[in-house]
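Undergrad: heads up, no residue letters with this:
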C-alpha cells in the first residue's frame, strides 16, 4: 500500500499507517512529495516511523538495521 505523506499533518499519516498495520497490512510505502524539505528523512523517521513502530510489541526486533 502506498501513502503520500503530508508534511503539514504527520498525525493523520501516523493514524493511517497504524490502522493499516492493525488490520494486517505488512508492507507500507511512504511517498514523499517534492520539494523535499531539508532533513526530510530524519523527520519521516521521527514523526511517523518510530511513533508507529514503537507501538508494536516486537518493535526492537522488527527493524534492527534502523537507528536514530
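TA: Right, received. Where do you want to start? Everything numeric in this text was worked out from a predicted model, so none of it was measured. Numbering: from 1, shown residues only.
Undergrad: Let me know the average pLDDT across stretch 2-15.
TA: Taken as a whole, stretch 2-15 carries a mean pLDDT of 93.
Undergrad: just stretch 32-47 next, same as before
TA: 95.
Undergrad: Quote the end-to-end distance of that stretch.
TA: 13 Å (CA to CA, to the nearest Å).
Undergrad: just checking, what packs against the longest helix seen in the chain?
TA: Assignment by DSSP state H gives helix 10-22 as the longest helix of the chain. If you count contacts as 3 or more CB pairs under 8 Å, 6 or more residues apart in numbering; DSSP states H and E, helix 10-22 packs onto strand 2-4, helix 50-53. Every residue, glycine included, has its C-beta placed from N, CA and C.
Undergrad: Can you point out the buried residues in it?
TA: Neighbour-count burial for helix 10-22 flags 10, 13-14, 16-17, 20 (criterion: 16 or more other CB atoms under 10 Å).
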